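# The sequence and its predicted three-dimensional model are supplied below.
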Number of protein chains: 2
Amino acid sequence: MSKKYVYLFSEGDSTMRNLLGGKGANLAEMTKLGFPVPQGFTVTTEACTKYYSDGKKISPEIIAEIEQKLEQLEGITGKKFASADNPLLVSVRSGARASMPGMMDTILNLGINDKVVEGIAEITGNPRFAYDSYRRFIQMFSDVVKELPKSNFERIIDEIKESKGVKLDTELTADDLKDMVARFKQYYKEKMGEDFPQEPKKQLIEAVQAVFRSWDNPRAIVYRRMNDIPHDWGTAVNVQTMVFGNTGNNSGTGVAFTRNPSTGEKELYGEFLMNAQGEDVVAGIRTPQKISQLKQVMPEVYEQFVQIAGKLEKHYRDMQDMEFTIENGKLYMLQTRNGKRTAQAAIKIAVDLVNEGLIDKEQAVLNVDPKQLDALLHPTFSEQALKNSKVLATGLAASPGAGTGKVYFTASDAVDAAKKGESVILVRLETSPEDIEGMNAAAGILTARGGMTSHAAVVARGMGRCCVAGCGDIKINEEEKYFIAAGKRFNEGDYISIDGSTGNVYEGRLETIEAKMTGDFATFMSWADEARRLRVRANADVPRDAKAAVSFGAEGIGLCRTEHMFFEEDRIPIVREMIVAKNKSQREKALDKLLPIQRKDFEGLFTAMNGLPVTIRLLDPPLHEFLPAEQEDIKNLSIEMGISFEELKETVCDLHEFNPMLGHRGCRLAVTYPEIAAMQTRAIIEAAINVTKNDIDITPEIMIPLVGEAKELQYVKEVITKTADEIIAASDIQMKYLVGTMIEIPRAALTADEIAKDAEFFSFGTNDLTQMTYGFSRDDAGKFLDHYYDRKIFESDPFARLDVTGVGRLVKMAAELGRSTRPDIKLGICGEHGGDPSSIEFCNSVGLNYVSCSPYRVPIARLAAAQAEIKRKRAGKSA
Amino acid sequence: MSKKYVYLFSEGDSTMRNLLGGKGANLAEMTKLGFPVPQGFTVTTEACTKYYSDGKKISPEIIAEIEQKLEQLEGITGKKFASADNPLLVSVRSGARASMPGMMDTILNLGINDKVVEGIAEITGNPRFAYDSYRRFIQMFSDVVKELPKSNFERIIDEIKESKGVKLDTELTADDLKDMVARFKQYYKEKMGEDFPQEPKKQLIEAVQAVFRSWDNPRAIVYRRMNDIPHDWGTAVNVQTMVFGNTGNNSGTGVAFTRNPSTGEKELYGEFLMNAQGEDVVAGIRTPQKISQLKQVMPEVYEQFVQIAGKLEKHYRDMQDMEFTIENGKLYMLQTRNGKRTAQAAIKIAVDLVNEGLIDKEQAVLNVDPKQLDALLHPTFSEQALKNSKVLATGLAASPGAGTGKVYFTASDAVDAAKKGESVILVRLETSPEDIEGMNAAAGILTARGGMTSHAAVVARGMGRCCVAGCGDIKINEEEKYFIAAGKRFNEGDYISIDGSTGNVYEGRLETIEAKMTGDFATFMSWADEARRLRVRANADVPRDAKAAVSFGAEGIGLCRTEHMFFEEDRIPIVREMIVAKNKSQREKALDKLLPIQRKDFEGLFTAMNGLPVTIRLLDPPLHEFLPAEQEDIKNLSIEMGISFEELKETVCDLHEFNPMLGHRGCRLAVTYPEIAAMQTRAIIEAAINVTKNDIDITPEIMIPLVGEAKELQYVKEVITKTADEIIAASDIQMKYLVGTMIEIPRAALTADEIAKDAEFFSFGTNDLTQMTYGFSRDDAGKFLDHYYDRKIFESDPFARLDVTGVGRLVKMAAELGRSTRPDIKLGICGEHGGDPSSIEFCNSVGLNYVSCSPYRVPIARLAAAQAEIKRKRAGKSA
């Protein structure tokens, strides 16, 4: 046997995460540290990938290894599989390298059968417990391994409860449960054509395979895509001796964090339920007690747990998220891991850990996921709005932030509404892993059930969505899609607002205010700034956005899209006048009207940026975007413009394009109508001259879009420099300006050496570059990309995360070619990738000078840039 | 003075073509050989490019050099500029590196002024000649240098003729012409605000600059684009002592070829006019005499000319095209150059020159322009059609081939009609350089005036268009757009047919038959085949095209587009059934119906190719192409299909794409609907198995389109191999097949190393690759590319001629990456560039294995491939 596929907990440690998964590695580590861990073994992630490469078959050699470890486990525990006297029961749980909570399947109580159940009844003197464990196992096994619908088992339970005239599971007697087991088995046999498996080893092997299979279930695939987890990692499977928190009032189970995962406060934080199994806490069906109350209930156990929690945090040098079970008064640790936390908590914990001397600043910077910062950067409700609003209901403040939107009651409705551009609040009794896409699409989540560690709360925090959980004040009717709060009915589509920081729910839409960067956040960001090499600019078109960007730490504007100015109400009539112009002089007349407006735009922008660099892109979109397409609208506009319908219709038809993405736009407009580029240049340069009177010293950067050929750039550049130099010469001011280009067409990247002769800077427009390099348009690819994810052809959305292999090769090539011609050429990126951490890591690796992203993503980019540089240095690569 | 910008004819030779232009280099060479050349000097092409780089200014240093050479010329000729006693008159002619007949400007008789004209009248005793020369000079100078419209001068001439009551120029007296000169000068002064320049040196410098400027006139730019002549070459200017063919009946002028440029026969071939200037012959206004008749008119001169012609052909080892003038009984050579010729003549001359021992086979292969072969490969009229048709009129057989189409009377009408897809016959009194685009758009050209060397004839031969010239039998009214022939009126839009090999004009549309490759053509092509390394395949979808391709020497099919089969009448209903299918099983039902039809298609193709390789591309276009777009058509189809209008409309809407070029097509269809790929694979493999019964041994090549990512290819390949291997295993036949991919998406080229792991061949789809690399679609770029040509941003159409700098870099990279993974990978190209000689040269240079083009272009590709390889070897590059 060349490769080892199964490890006892006592054979591993925390360094073996890739092989044993996170859960397995930490169980091994806790075992090594001498903590009370129910023993077991881990089937490795390599066994999982082998399972897949063998065509979804588990090999005899792995089965043999599992059986061998099982024997060793029997030795360690002194219990025996399939023994009625001293039965060994195990849990079978997934555990990937990265945490994927709730995404894969779990089976508890495995090892039980008709004989063993009676043994348990006898040993524990608790036949009700024994049969309850058995029926739970049959349900889970049937669901996970055989894919028999859970609802059919629920139906049987309901039938029995009805026939007994009881409402709660707990009212059922041991005999009722025994009857239930019999009926479950009968149902199983009907459906499967064979008896429920009585051989524990067979149960185990089937369960292991089922967990392997669950790696590939649709919700796991979606989760991996959302979290950039590669498909080929696979999951490990942990087989662990069962301990029971539901044997009576001397037992219990709970989860806890070493610090508050919502605020970051240094306090033991969590919940527990007495006489319950772990799933009861996580599922949010019963509302648990605070962990601090355990001190009253079981002081010694509480003290022991506090000790262990403290040691684990010191050991891992990070906040821990732990699961534990108390079986008949004895504490068992079932899991520890670095705890998920809100952005606010992440920052506070990172700063506190530095102050406590546990980690250094660089490690602190690495400990916060840049994507999480998003949550800190979005608006909260204004004081004024809160004062004037009525609190409808209050639930748990499960994930901070303010959300306002229309109410939807199913995940798929939420997804559809969000696709239409609506802001959505997803309202559910409780959420389950199936809801994950709907939660991602929503601005906020409101649930009626569940605690701070319920599914909804955990997932929402991870996503940075605000969430109010366990809000029993509202009565939800999911079927008929409404809820009642404070005596009022809210239907699908009605507006509500929720505050995930207070747990309050409000009627209607509340005004929000911007986030601020102060305190720990400011400290933390200053450490990030010390570490990074990349500059961070923002994409901003108007002074308001520019100011927001500066407040978030932007060091300039990387992209000002002048067309956004063209669409504004006071200019679009003039823009249309320009478009329908029959000749250059008519066109210049319209442009003359636009000039003072544009100049004012730029003055505003330069003033807001107060001397920081500003890159202004010349008009980019195809002209038909400024005209209506529908018959009726054309008619109305023609009346408005005082021209004939036919004339306007003809212009619209002339401008029609088969593939607008590949049409007459970008610098192609400037080649056809150089007067447009001349007007824009005049507006930029005159604005820059004007603001010098206010002591603002600016070097405008004029950017030419969609260049594919050096001569194209030369032509437009000549228009620009001729205009600019004349204005500057006529002024009494020494004004510098730069002319550069977008690199967003593959050919521009391929011929960047030629293009750099005339370009003083490159800005990579990776949105278009991705579209053209892949040969699909973002607007159309939606239709088939889902198939690509399903078939695992794509693992991530190339528009969200830069494709390093293909598009990245072009970017790298262009950067090298550009520098070969002009060693000091300024290189940046202004596509949406400029705010994506993994893309920023790539930009850092190829030596770009800056990234530019939306103002709200600036702090994310600053942090990502810092992490990229720290990792690069740690990997010992040269600059 | 570091650089020499002006060369006396006696200072140059034929190796200096780049510097002196073709005309200048050959005048120098003839001078060196001792032939009677009127002496002069050449202002170099470098002076021209300097003129442009100096902002369209001629530098003082070049003016000084011209004046210096002028003095030397006065010394050589013994004549003096501006002298009335012994005046030196010169012609000023353009002369680029490549011949651009009629595209640039010429000025004759320069050096004449009010004083000189009287001197000439006295010396020659011919005042009529003197004033005629002067008025011609004023006209040409005003037109070329000052851009005063020719028509205004013609109007003055008409007024004088009217007042004198005469019809012909020749009826005007010396005094009339003197009067004409006075009125021309008066008109000039009115328009220009200054006197007509009397200083010959000033005339000369202005004329030289005007010729430089004419390099950039619109028709020259169009001509260069059509003939791949770079804009930055510039033109030289030849200043040559005037000799006069119009001094009386002892003078004359003519042009002649050393062989027949239409048939290639070895015979002196040409025309002359007595008492005429050169422009009279070329313009086709008077119909000249055959050159052989010169023997009767001036036997000694004829004998001398025959001697010189023979020597020139031997010297240049190619057929010569010569201009000469006889002044008062003395022969002068004004020009020699390698003569333009028909494709048929080019082949015959090349073969004859080898047989005569003048050149070797490789040189013969290099001597024929591949593009010309086109003319040999197009249909001629069928015997049957000719028998049943009435000859309307007969003109000169000016350019061989058969053309049929609708009559149009202006170049722009012809261009418009051709854009609509009409076949056009352009009918003109005579053509001029302004007509060049119309001639290019036409299937054939018919003129009423002009000889075999008229503008129409020369240009049509160069273009490979059939042409009947000088057809005096038809009476054309260009203004009202009709002509009368054989008493019948033909209006714009009526059909006629013309035979450029016989000169006949027919009524209506005549049936045509295919060309054959026999005789000299076959011999010549066998030499090309010996020399080439690249294989040549054809793009063919149906057996008929496949057979045509084989008859033209295709060595396989490089691209069979299966969608063309889907559009045929018997299948499109089934295809539509497949598209509207609501699920996989409905879709498979439709595919089951398509299977036997597709299988039969492929059997036909494999049979036609008889064992030669066949590459079949899986379905490529977006599905909406198979459905109508208009409301009305959707309604009709829904009735036809027996489904509701709403349902069909919804399908059409669902399939709508913003950018179809970047949409759901190519292998993306196979990812979504693998069953389509499976059906096509089944059809291919079953067909291949079936034809083995007829002893045809085929290795089908299955090609996956639009791949951009290796996993995409893997996914579709798995569908193919699973299907194919099952069928083969179930048969009793050993069948091999290849699976490969198109490289037509930039990302495919960039990741070709990954893709080659699963692709056994690459076929470069350079149409799409060009669209995506440049980021413009062919359908939309038409609107702005004209601006790109006008502004000299593009010199050639990247869809016609592969862009080596950008797209070529991707192709080269992909070839290298592909080979790095799979050294024996088969590499080909199947875009339209596969039939373009300059693109083929590139394909040869990067080591592709084959090119694939339309059947009619196969011989062109074979020849181009041979020339590419010969040139490569001669350049001493390694294989």
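Yep, it's here.
# give the contact list for the residue of the stretch 501-650 of chain A found nearest chain B.
Per Cβ to the nearest Cβ, residue A:622 is where the stretch 501-650 of chain A lies closest to chain B, at 9.0 Å. For every residue, glycine as well, the C-beta is placed using N, CA and C. Counting by Cβ atoms under 8 Å, 6 or more residues apart in numbering or on different chains, residue A:622 touches A:655, A:657, A:660, A:663-665, A:669.
# Now, these that are in helices?
Applying DSSP state H to those, the entries found in helices are A:655, A:669.
# got any ranges where the stretch 201-350 of chain A has weak pLDDT?
Where the stretch 201-350 of chain A drops to pLDDT under 70, the residues are A:281-285.
# Just to be sure, residue A:741 is in a helix?
No: Residue A:741 sits outside any helix when classified using DSSP: H, G, I helix; E, B strand; the rest coil, being strand.
# what's around it, how many residues?
Using other Cβ atoms under 10 Å in any protein chain shown as the criterion, residue A:741 is surrounded by 33 other residues.
# And for the one 3 residues further on?
The number of residues packed near residue A:744 is 28, by other Cβ under 10 Å.
# For the closest residue to it other than its chain neighbours, give me its contacts.
With Cβ to Cβ, 6 or more residues apart in numbering or on different chains as the criterion, residue A:744 has its nearest non-adjacent residue at 3.1 Å, and that residue is residue A:765. Contact analysis of residue A:765 by Cβ under 8 Å, 6+ apart lists A:705, A:742-744, A:830-831.
# Out of the residues you listed, grab the one that's most surrounded.
Neighbour-wise, these (other Cβ under 10 Å) top out at residue A:743, 31 neighbours.
# wait, isn't it in contact with residue A:752?
Yes: Residue A:743 lies in contact with residue A:752 (Cβ atoms under 8 Å); the separation is 6.6 Å.
# from the contacts of residue A:622, which would you call buried?
Buried members of the contacts of residue A:622, counted by 16 or more other Cβ atoms under 10 Å in any protein chain shown: A:655, A:657, A:660, A:663-665, A:669.
# Using JSON lines, lay out the residues you listed together with pLDDT and distance to chain B.
Shown next, in JSON lines, are the buried ones among the contacts of residue A:622 (pLDDT from 0 to 100; distance: Cβ to the nearest Cβ, whole Å):
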{"residue": "A:655", "pLDDT": "90", "distance to chain B": "9"}
{"residue": "A:657", "pLDDT": "89", "distance to chain B": "5"}
{"residue": "A:660", "pLDDT": "91", "distance to chain B": "7"}
{"residue": "A:663", "pLDDT": "94", "distance to chain B": "4"}
{"residue": "A:664", "pLDDT": "95", "distance to chain B": "5"}
{"residue": "A:665", "pLDDT": "95", "distance to chain B": "9"}
{"residue": "A:669", "pLDDT": "96", "distance to chain B": "8"}
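# hang on, the earlier thing: can you tell me which of the contacts of residue A:765 lies closest to residue B:10?
Proximity of these to residue B:10 (Cβ to Cβ) peaks at residue A:743, which lies at 54.1 Å.
# Which other helices and strands does the longest helix seen in chain A contact?
Assignment by DSSP H gives helix A:584-609 as the longest helix of chain A. For helix A:584-609, the packing partners by 3 or more Cβ pairs under 8 Å, 6 or more residues apart in numbering or on different chains; DSSP states H and E come out as helix A:543-551, strand A:557-561, helix A:562-566, helix A:572-580, strand A:614-617, helix A:674-692.
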